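K.L.:
only the shape, not the letters, is given here:
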């Protein structure tokens, strides 16, 4: 098991040393590339990049949010100086979106893939609605992960955060 508390991407825990990069995924990626060919790959990449930029513009239009950094590719991270972004993440989860929580700064991100291309407008609409829900009802959602991420971000003892991650993984798997 691997637990990382000081990664700029937030908290990370995996039941294996390989983490999120096991060999089966590599073989699947190779097979997909062989099936698509260069032209198919370039077309898909163009559509994904356009979707990523549209999401970035959509986030920028929500005044309570800000884009973290300058996204050059398909990862769009965003946070808020006005509300708990982890609560927004919990509301988005209730709508079927599974985003990744980040820390330093507290933020969430979406890694845009080909599956997101046809639903970008739905994502932006759901994100706007989620922000409005959190503004109207501040405070953690029952069963949400916002309190865990919020507390972990404030804990100076990173060893304790590591123990929290390992306990979570033990109970979740």
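P.N.:
In hand now; what should we look at? Remember, predicted model here, so these are calculated numbers, not experimental data. Numbers count the residues shown, from 1 in each chain.

K.L.:
my guess is residue 5 is in a strand, correct?
P.N.:
Yes. Using DSSP: H, G, I helix; E, B strand; the rest coil, the assignment for residue 5 is a strand.

K.L.:
which pLDDT value goes with it?
P.N.:
On pLDDT, residue 5 comes in at 70.

K.L.:
isn't it right up against residue 11?
P.N.:
Yes. Counting by CB atoms under 8 Å, residue 5 does reach residue 11; the two are 6.3 Å apart. Using the backbone N, CA and C atoms, a C-beta is placed for each residue, glycine as well.

K.L.:
residue ranges in this protein under the pLDDT threshold?
P.N.:
Applying pLDDT under 70 to the chain flags residues 1-2, 6-10, 12, 15-22, 140-162, 164-166, 168-173.

K.L.:
give me the nearest residue to the residue positioned nearest the centre of the chain, chain neighbours excluded.
P.N.:
Geometric centre of the chain, nearest residue: residue 100, 2.2 Å, by CA atoms, centre = their mean. In space, and not counting its chain neighbours, residue 100 is closest to residue 109: 5.3 Å by CB to CB, 6 or more residues apart in numbering.

K.L.:
any idea what that neighbour is bridged to?
P.N.:
residue 77, residue 100 (DSSP bridges).

K.L.:
span of stretch 94-111 from start to end?
P.N.:
Chord length of stretch 94-111, first to last residue, is 18 Å (CA to CA, to the nearest Å).

K.L.:
how much space between the residue nearest to the centre of the chain and residue 32?
P.N.:
Per CB to CB, to the nearest Å, residue 100 is found 22 Å from residue 32.

K.L.:
and what of residue 13?
P.N.:
For residue 13, the distance to residue 32 (CB to CB) stands at 28 Å.

K.L.:
higher neighbour count, these two?
P.N.:
Between residue 13 and residue 32, counted using other CB atoms under 10 Å, residue 13 has the larger neighbour count: 20 against 12.

K.L.:
surely the more buried one forms part of a helix?
P.N.:
No. Counting by three-state DSSP, residue 13 is not part of a helix but strand.

K.L.:
that one contacts residue 3, correct?
P.N.:
Yes. Proximity of residue 13 to residue 3 meets the contact threshold set by CB under 8 Å, at 4.6 Å.

K.L.:
can you give me the strands in the protein?
P.N.:
Per DSSP state E, the chain carries strands over the ranges 2-7, 10-14, 66-67, 75-79, 100-102, 107-111.
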